[in-house]
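Asks: sharing a sequence plus its predicted fold:
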Amino acid sequence: MSCGARYTKNSTILRAEVLLSEKPDSAQKVLLSMPYPEKLSRADYAAWCLLYTHTQYKLEQDIKSDSLIRLAISYYEGGNLPVQSGTAYYLLGCVAQLKNNNKDAMKAYKKAEDLLSETTEENLKGLVEFKLGSLYQQDAIFSQSMTNYKRSLKSFVRANNKKYQAFAYRAISDVYVQLHYPFDSIMHYSNAALKLAYETHDTVNYYSILAQQGELLSDRDYRRSKSYLLKGYQYLPDKRSYYAAYLSYVYSKLQQPDSARYYLNITLADTGNTTDKTLQSIAAAYVNENEGALNKAFYFIEQAYQERDTIFQKSISSQLHQVDKQYDLTKKEKENAALKISEQHKNIINLILVIAVLILVFLVLSIRNMHKKRTLKTEMEHELQQQHMQYELKMKEKEDEQNRRIIFVKLQDKLNNTLIFNKLNMSYSQESKREEFVKQIIEQSVLGEEDWQHYIDEMDQVFRHKISGLLSLYPGLSKLDLIVITLICLDINISNSCTLLNMTKATMYKRRNRIKDRISLESESDLEDWVEQYLK
């Protein structure tokens, strides 16, 4: 019956389909005007379920169950209607995502991606890739997220859908921020999104992008940042408290304390979760400092760093969870591969039994066929083994890269804290209470001598115990030598390494030359290149 699946010829349902893109509310009214749709033919009812679920999603209605869309999937499954089947799986993924069931949503979107691959439905293909990108972004798998967003952009360009292109450009810009790409690249995609949103008269997206640029410029160009943030504050009332925190911060930087205090009071009045609490505390610290209320300023600085530390810890936990999640996924895929091989073996055994029966009639032909099949089996098993080995190697590289990022983020955060608090210590060194406060915060936030062994051990695990192996190869290396090598592994430059180790550059260069002597490396050779080659 699935192989014979056909699409509806019902004129009322087809009229609703025409209205769906531009007037989903009208399309839904047409569908609801049909009495007892469940009594229609299977083809008509499947189309009705597909379109009705689509109108619900477009109108942002509460979809309590996925039973209707699953009925459509059941009818189109295995048939020769890839557009309808792909649309059904896309909607199944949308419903699952609304229910926060991202695992099932990912499976549905992947199935839709496969079904739609040979069709010309570029808008739908772009939406599927965009949804996949959003799921990967939620899971902090940013490189894969960017790949899917760029695929969605290509589909929207082929469809000449400028409104959807704007969202794709904006999403790519967001991922670039997460991956710490150059600021010019981030703004390039953001400006492209802004231009297309303006051309398509999508005012909500336009002002949202403009305000987002205000956030990006808040530490670079205070006047432009203020101008853009005011647009977001004016045209996006749901996020006023959020933008008020940024405006208070920017006005403080512009030395306009009255305006800074005005927006600070607005954001502090918001007791919900719509505001960045860290930014809110930093803005309050600047405002109180400008007003001479130093005690309050220090209180809000302390709040800001406590909130920042909490966010950082959650981020680390989330990244570790992603590593575990990828490991579980790898384990599951291995089990599936084993099941597939087992099924292949069963199929081969069944095939051999059939051939054994046919041998009595077609002896010569059967022998030739058996020889070919055995050769094919060997090649397939060899290819599967090669693919499996390559897959394991890639997953190991991903895990190592993610571990390196986690450690780098931890050290980078400590470095930033060290630089900030050293400045605070210099600013208030003449006031004993300020010294005590800064001393306590430094003890909690600045990298201490006893912490280095912990980071050396973590980097040693990431690089499969090659760092500790240096002591066996070169017994003359000291603990400080290993610390310098560990910083090189983390791509920390010489200036920041000197800051972390309280060294002058002259002392650092002497230390690096001493390391070269101890590992028998010529003085003119590059130590970074040697470390990179050793860790491979």
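Replies: Received it, and whenever you're ready, just let me know what you need.

Asks: around Leu360, count how many other residues there are.
Replies: A count of neighbours around Leu360, defined by other C-beta atoms under 10 Å, yields 8. From N, CA and C alone the C-beta is placed, and that goes for glycine too.

Asks: I meant Ile348, not that one.
Replies: For Ile348, the count of nearby residues is 15 (other C-beta under 10 Å).

Asks: please pull out the lowest mean pLDDT helix or strand from the protein.
Replies: Ranking every helix and strand in the chain by mean pLDDT, DSSP states H and E puts helix 432-445 at the bottom, with a mean of 53.

Asks: tally of neighbours for the closest residue to Pro24 other than its chain neighbours?
Replies: Nearest in space to Pro24, with sequence neighbours left out and distances taken as C-beta to C-beta, 6 or more residues apart in numbering, is Lys58 at 4.0 Å. Around Lys58 there are 16 other residues, counting by other C-beta under 10 Å.

Asks: Lys58 and Glu22 touch, don't they?
Replies: No - the pair Lys58 and Glu22 does not pass the contact test of C-beta atoms under 8 Å, sitting 10.3 Å apart.

Asks: and the pLDDT at the residue nearest to Pro24?
Replies: Confidence at Lys58, expressed as pLDDT, is 93.

Asks: how about it, phi and psi?
Replies: Lys58 adopts backbone torsions of phi -60, psi -30, taken as degrees, to the nearest 10.

Asks: where's it relative to Trp530, distance?
Replies: Going from Lys58 to Trp530 by C-beta to C-beta, to the nearest Å gives 59 Å.

Asks: what do you get for Thr120?
Replies: In this view, Thr120 and Trp530 are 54 Å apart by C-beta to C-beta.

Asks: and for Glu381?
Replies: Distance of Glu381 to Trp530, computed by C-beta to C-beta: 41 Å.

Asks: just for the chain, where's the confidence low?
Replies: Applying pLDDT under 70 to the chain picks out residues 1-4, 272-276, 297-298, 304-340, 342, 402-451.

Asks: where do the strands sit along it?
Replies: With DSSP state E as the criterion, the chain has no strands.

Asks: quick one: the helices in the stretch 351-500 of the chain, in order.
Replies: Applying DSSP state H, counting those that start in this stretch to the stretch 351-500 of the chain gives helices spanning 363-427, 432-445, 452-462, 466-473, 479-489, 494-501.

Asks: re the thing from before, and Thr120 and Trp530? Which one has more around it.
Replies: Neighbours of Thr120 and Trp530, each counted by other C-beta under 10 Å, are more numerous for Trp530; the result is 17 against 10.

Asks: tell me the contacts of the residue nearest to the more buried one when sequence neighbours are not counted?
Replies: Of all residues not flanking Trp530 in the chain, Leu521 sits nearest, at 5.7 Å (C-beta to C-beta, 6+ apart). Residues counted as contacts of Leu521 (C-beta atoms under 8 Å, 6 or more residues apart in numbering) are Ile515, Leu527, Trp530.

Asks: what of Ala96?
Replies: Residues near Ala96 by C-beta under 8 Å, 6+ apart: Asp66, Asn102, Asp104, Ala105, Ala108.

Asks: would CSV of those with distance to Ser472 be doable?
Replies: Below are the contacts of Ala96 laid out as CSV (distance: C-beta to C-beta, whole Å):
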residue, distance to Ser472
Asp66, 59
Asn102, 46
Asp104, 50
Ala105, 49
Ala108, 52
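
Asks: can you tell me which of the residues you listed is closest to Glu397?
Replies: When the contacts of Ala96 are compared for distance to Glu397 (C-beta to C-beta), Asn102 comes out closest, at 24.7 Å.

Asks: and the gap between the residue nearest to the closest one when sequence neighbours are not counted and Asp491?
Replies: Sequence neighbours aside, Leu135 is the residue nearest to Asn102 in space, at 5.6 Å (criterion: C-beta to C-beta, 6+ apart). Per C-beta to C-beta, Leu135 is found 30 Å from Asp491.

Asks: would you mind pulling the contact partners of stretch 360-372?
Replies: Contacts to stretch 360-372, defined as C-beta under 8 Å, 6+ apart, come from residues Ile352, Ile355, Leu358, Ile359.

Asks: please indicate which of the residues you listed are buried?
Replies: By neighbour count, with 16 or more other C-beta atoms under 10 Å, the contacts of stretch 360-372 hold Ile355 as buried.

Asks: sorry, back to before: with neighbour numbers in mind, choose between Leu135 and Asp491.
Replies: Using other C-beta under 10 Å as the criterion, Leu135 and Asp491 rank with Leu135 on top: 19 against 10.

Asks: give the contact list for the more buried one.
Replies: Taking C-beta under 8 Å, 6+ apart, we find Leu135 in contact with Gln97, Asn102, Ala105, Met106, Tyr109.

Asks: one more pass at 7 Å, please.
Replies: By C-beta atoms under 7 Å, 6 or more residues apart in numbering, Leu135 lies in contact with Asn102, Ala105, Met106.

Asks: quick check: the first one vs His371, distance?
Replies: In this structure, Asn102 lies at 48 Å from His371, with C-beta to C-beta as the measure.

Asks: out of the contacts of stretch 360-372, which comes closest to Leu470?
Replies: Set against Leu470, the nearest of the contacts of stretch 360-372 by C-beta to C-beta is Ile352 (55.8 Å).

Asks: burial of the nearest residue to the closest one once chain neighbours are set aside, as a residue count?
Replies: In space, and not counting its chain neighbours, Ile352 is closest to Met370: 7.5 Å by C-beta to C-beta, 6+ apart. Residues within reach of Met370, counting by other C-beta under 10 Å, total 15.

Asks: roughly how far does Met370 sit from Thr271?
Replies: 76 Å.

Asks: count of residues packed around Asn493?
Replies: Other residues near Asn493 come to 11 when the count uses other C-beta under 10 Å.

Asks: same check on Ser248?
Replies: Ser248 has 26 neighbouring residues, counting by other C-beta under 10 Å.

Asks: return the member of the contacts of Leu521 nearest to Glu399.
Replies: Of all those, Glu399 sits closest to Trp530, with 24.9 Å by C-beta to C-beta.

Asks: next one: Leu363 relative to Lys377, how far apart?
Replies: In this view, Leu363 and Lys377 are 21 Å apart by C-beta to C-beta.

Asks: looking at these two, which one has more neighbours?
Replies: Using other C-beta under 10 Å as the criterion, Leu363 and Lys377 rank with Lys377 on top: 14 against 9.

Asks: I'd assumed Ile348 was in contact with that one.
Replies: Yes - between Lys377 and Ile348 there is a contact under C-beta atoms under 7 Å: 6.2 Å.

Asks: residues near the closest residue to Ala168 other than its chain neighbours, how many?
Replies: Sequence neighbours aside, Leu153 is the residue nearest to Ala168 in space, at 3.9 Å (criterion: C-beta to C-beta, 6+ apart). Neighbourhood size, Leu153 [other C-beta under 10 Å]: 23.
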